[in-house]
Structure formats: C-alpha cells, structure tokens
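[1] need coordinates for the following:
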Amino acid sequence: MCGLTIAMGAARSQTGSLPAAVPQFEVASVKPGGRFAWTGPDRAGGRIRWTAQLGYLIAYAYNIDIMRVEGSHLGAIYALEATFEPAATDEQVRLMVRSLLADRFKMRVHSVTEEVEGYALTAGKGRLKIMEAKEGGPPPPVPEWITDVSAAMNAQGYVSAMIPEPDVAAIVGRRVSMSKLAWGLERTTGKPVWDQTGLSGDYYFGFRYAQSLSDVDSTVQYPLLETALHNLGLEIKKQKGPIEKLVVDHFEAPSEN
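    Predicted coordinates:
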C-alpha cells in the first residue's frame with residue numbers, strides 16, 4: 001500500500017532510514033484494531049501500552065505534530081505493547097517506535113517543507129502576567145472554570161487545548177514552555193504558531209477565547225485570541241513561515257504478532 005498525499009514544497013532527504021545503532025524494543029506486539037484510541041502512550045517503567053491511530057504512532061516516532069503527517073491509512077487503529085530498558089529516554093523510546101514501524105509496517109517516509117500562513121507568538125512590551133514555575137515552588141490554583149481540578153493539578157508538563165463549547169477555545173498549561181503553548185494554539189487555530197517569545201522558562205496559564213465573533217454567547221464575554229494573550233503579557237500576529245511535514249511513501253498492514 002502506498003501513501004497518496006504529497007505535500008507541496010521542496011523534498012528533503014529521506015527519513016525512512018534509521019541510524020545504524022538505533023535502539024529497539026526487547027519484546028513488541030502490535031495488533032490491528034481496538035475499541036478505544038488514545039492520543040498519547042501509556043508508559044510506566046520499561047513498558048509501553050498504546051492503542052492509537054497509525055498517524056499518532058508516526059507522529060510520536062518522529063516527534064512531529066499529528067497535523068503534519070500526511071499519507072493514507074493514518075486513521076487505522078493499532079494496539080502496541082512493548083518492553084524496553086526502564087532507563088531508556090523518551091527520545092530512545094521514540095526511536096524504538098520508529099524502528100518498529102520500519103520493521104513491522106515496512107514503512108518508508110520522507111519530509112518536505114512548505115511556506116505557509118501562520119502566527120508568531122511573542123512576548124509583550126510590558127510585564128509577563130503568568131506565573132513561572134520555580135523548583136520546589138507550590139503551583140498556583142487552576143482556573144475557576146476547570147471542572148476536573150484534580151486531573152488539571154496532576155497534568156504537570158502538559159498543555160490541554162479544548163473546544164468546550166461552539167466557537168470557544170480553552171487552553172490550560174501546567175509547568176510548560178512557551179513552545180508547548182504555541183503547540184496548543186496551533187491545535188485550536190488550525191494554523192502553525194511559531195514561538196518567538198525568547199522565554200526559556202516553564203509557566204502556568206489558563207485562558208479561554210472566542211474563536212470568532214459569530215455564534216458566541218453574548219452573555220459570556222470571551223475575548224478574542226489577541227486580547228486573551230495580551231492580558232497575559234503575550235502577543236500574537238500573522239506571519240508566514242516554513243513548516244516541515246512528514247509524508248508516508250509506503251505502508252504495509254502488519255500481521256498480528
């Protein structure tokens with residue numbers, strides 16, 4: 001089976017090949033199908049369990065956003081269970097998944113770059129109005145509109161990007177970088193967002209914004225994105241820039257093993 005979608009742009013070097021000493025799983029099972037699919041793996045110690053769409057497996061393996069993976073059969077669901085050395089780093093585990101895709105799926109991919117319309121996230125001229133995470137410092141409370149407070153408090157290092165109601169986006173970050181905030185904004189705006197803040201710390205934030213002026217409940221005054229970020233001491237503006245996409249050239253459904 002071959003991928004059908006080719007992103008426009010200049011093709012770059014083939015990325016289907018792996019380094020000579022690429023780490024591999026000690027034992028791995030990958031089976032088609034599953035009742036539920038998750039966007040992130042369940043990793044504990046030296047074991048990973050993950051039922052996910054093929055697109056998410058590829059995005060994780062190559063450390064790229066799912067929105068930047070193109071090809072056929074990306075929605076097919078597979079259940080992965082594998083073991084590895086517990087001391088393995090996240091990058092090593094990603095390479096193990098990449099090795100599995102090449103071995104079991106006979107997958108070949110290449111990357112391309114495109115010049116597209118997007119947004120630049122920058123620091124405002126005034127004082128930053130979000131709390132920076134300090135070592136050993138207590139985290140601030142979650143926004144009052146969060147319903148699952150316990151889950152939000154425990155989601156350290158993650159950004160949640162949600163559409164809780166029509167035309168309204170909500171973004172919550174707990175001890176996360178500005179690049180992860182840019183990722184969250186990319187998920188809700190549907191356009192690339194480049195982090196140009198120059199801020200290297202991790203932060204806590206939570207805000208909602210109106211995605212458009214139409215069909216927004218007039219009784220709830222959600223600000224537009226520009227205003228919501230300005231209130232945090234950040235700015236966003238339209239900008240063109242390059243993005244990298246990963247194109248699946250070849251894929252074979254693996255046998256159950």
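[2] roughly how far apart are the residue lying closest to residue 91 once chain neighbours are set aside and residue 45?
    Nearest non-adjacent residue to residue 91, counting by C-beta to C-beta, 6 or more residues apart in numbering: residue 63, 7.7 Å away. C-beta here means a position set from N, CA and C on the backbone, and glycine is covered the same way. Using C-beta to C-beta, to the nearest Å, residue 63 is found at 22 Å from residue 45.
[3] isn't residue 207 right up against residue 234?
    No: with contact defined as C-beta atoms under 8 Å, residue 207 does not count as touching residue 234 (10.0 Å).
[4] residue 105 reaches residue 254, doesn't it?
    Yes: with contact defined as C-beta under 8 Å, residue 105 counts as touching residue 254 (5.6 Å).
[5] more neighbours, those two?
    A direct count of neighbours by other C-beta atoms under 10 Å for residue 105 and residue 254 places residue 105 higher, at 21 against 17.
[6] what's that one in contact with, if anything?
    54, 251-254 (C-beta atoms under 8 Å, 6 or more residues apart in numbering).
[7] where does pLDDT dip in this structure?
    The chain contains residues with pLDDT under 70 at 1-21, 152-154, 213-220, 256-257.
[8] from the chain's centroid, how far away is stretch 232-240?
    20 Å (C-alpha atoms, centre = their mean, to the nearest Å).
[9] please read the previous query as pertaining to stretch 174-184.
    Distance, centroid of stretch 174-184 to centroid of chain: 10 Å (C-alpha atoms, centre = their mean).
[10] next one: stretch 101-112
    20 Å.
[11] relative to residue 93, how far out is residue 47?
    Counting by C-beta to C-beta, the gap from residue 47 to residue 93 is 11 Å.
[12] give me the common contacts of these two.
    residue 84.
[13] who has more neighbours, these two?
    With neighbours defined as other C-beta under 10 Å, residue 47 and residue 93 compare such that residue 93 has more, 21 against 15.
[14] ok so the more buried one is a helix residue?
    Yes: under DSSP: H, G, I helix; E, B strand; the rest coil, residue 93 sits within a helix.
[15] now, of the contacts of residue 105, which are buried?
    54, 251, 254 (16 or more other C-beta atoms under 10 Å).
[16] quick one: the helices in this protein?
    Remark: helices assigned in the chain by DSSP state H are 54-62, 90-104, 149-154, 178-189, 225-230.
[17] the fourth one packs against which elements?
    Using 3 or more C-beta pairs under 8 Å, 6 or more residues apart in numbering; DSSP states H and E, the elements in contact with helix 178-189 are strand 108-123, strand 158-165, strand 168-176, strand 193-195, strand 203-210.
[18] follow-up on the earlier one: what's the farthest-apart pair in the contacts of residue 105?
    Based on C-beta to C-beta, the longest span within these runs between 54 and 252 and measures 11.6 Å.
[19] return the residues in contact with residue 59.
    Contacts of residue 59 (C-beta under 8 Å, 6+ apart): 65-66, 68-69, 246.
[20] residue closest to the middle of this structure?
    For the chain, residue 65 is the residue whose C-alpha lies nearest the centre (C-alpha atoms, centre = their mean; 4.8 Å).
[21] now do that one against residue 233, distance only.
    Residue 65 is 26 Å from residue 233, by C-beta to C-beta.
[22] over to residue 137?
    Counting by C-beta to C-beta - residue 137 and residue 233 are separated by 19 Å.
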